[in-house]
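[1] Below: sequence and its predicted model.
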Amino acid sequence: MVIATQLREDRLGYLDAMHASLRRQNVPWEAVIAIDGADPARLPASLAEDPRVRTLALPRPVGAACARNLALNEVRTPLMNWADDDDELTEDSLSTRLTELKNTGVGWVAGYSEDLHPDGSTTLWRCPTPPGRHEAGDVWTYWKSPSDTIPIGPTTILARTDLVRAAPMGGLVQGEDYVSALGITGLAPGILLPRPVYRYRKHPGQMTAQGAAYQALEAKARIHAWNFGRSLRALVTPRHSQAAHVSWPAADLLIGPALEPRARSGAPL
């Protein structure tokens, strides 16, 4: 598991709850906590005292995407899962997906998620991608346009670590996990299970509850991720793209301004 956190006071209890959900899992696990520019001494004691939890304390805030990617360097397990510091895993989340990965040899296994409300109730979210096996690049096809619901929950994906390293978080201040999800599912076949494996906590401090500040960049982040998924699918499965057969004019291959031809021999270099 890789979890990025700024150890904000209003989220420490949620981080403790995430850790509690990890302790309830019935398979061995390790977690890397990327501390994004905060004082490591603020880490809840339950995590600091757990030998399965290791920390990466960054000297200054770098943002969730960068913190997660740097923590990915510290992962020692063959499989990994992104997680947020205010969410939880469902019971048997890891074992259910681990069993499917071992039995099928696919690159990733994901599932549905639940919204966890302040009163403790949950609401099931069925992602647009249907249950079953999906070949590399197929998950993107269930995201019809950037403004539609994302095709799969990024933190529901348990994947081979080498695959995640090839498809890490995107360079965005939000929506970076959309890029990783499309990268993972775009590079290898996988399976979506028709059962919840993750709980997204609903609370006033979550990023998606920040109103205009969140919406200001969300559309652009989605367009970037959607284009990434489309391009990756075209490259991995060229039969779906006419671009693989286009002969581009030489002028279209230039990067930067074209150079003026030399007027005569001996012109200054």
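    Arrived safely. Nothing here was measured: the structure is a model prediction, and the numbers come from that model.
[2] where do the helices sit along the protein?
    12-23, 45-48, 64-72, 93-104, 161-166, 176-187, 212-236 (DSSP state H).
[3] And those helices: which comes nearest residue 32?
    helix 64-72 (4.6 Å; C-beta to C-beta). The C-beta positions use only the backbone N, C-alpha and C, and glycine is treated the same way.
[4] tell me how far the closest one is from the chain's mean position?
    Remark: helix 64-72 is offset 10 Å from the chain centroid, using C-alpha atoms, centre = their mean, to the nearest Å.
[5] need the contact list for the residue nearest the centre of the chain.
    Nearest to the geometric centre of the chain sits residue 177, at 3.1 Å (C-alpha atoms, centre = their mean). Each residue near residue 177 by C-beta atoms under 8 Å, 6 or more residues apart in numbering is listed here: 82, 154-155, 169-170.
[6] ok, now residue 79?
    For residue 79, the contact set (C-beta under 8 Å, 6+ apart) comprises 98, 101, 158-161.
[7] any chance of the helices of the chain in JSON lines, plus mean pLDDT and distance to residue 135?
    JSON lines is the format used below for those (pLDDT from 0 to 100; distance: least, C-beta to C-beta, whole Å):
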{"stretch": "helix 12-23", "mean pLDDT": "98", "distance to residue 135": "31"}
{"stretch": "helix 45-48", "mean pLDDT": "97", "distance to residue 135": "38"}
{"stretch": "helix 64-72", "mean pLDDT": "98", "distance to residue 135": "25"}
{"stretch": "helix 93-104", "mean pLDDT": "98", "distance to residue 135": "13"}
{"stretch": "helix 161-166", "mean pLDDT": "98", "distance to residue 135": "14"}
{"stretch": "helix 176-187", "mean pLDDT": "98", "distance to residue 135": "10"}
{"stretch": "helix 212-236", "mean pLDDT": "92", "distance to residue 135": "9"}
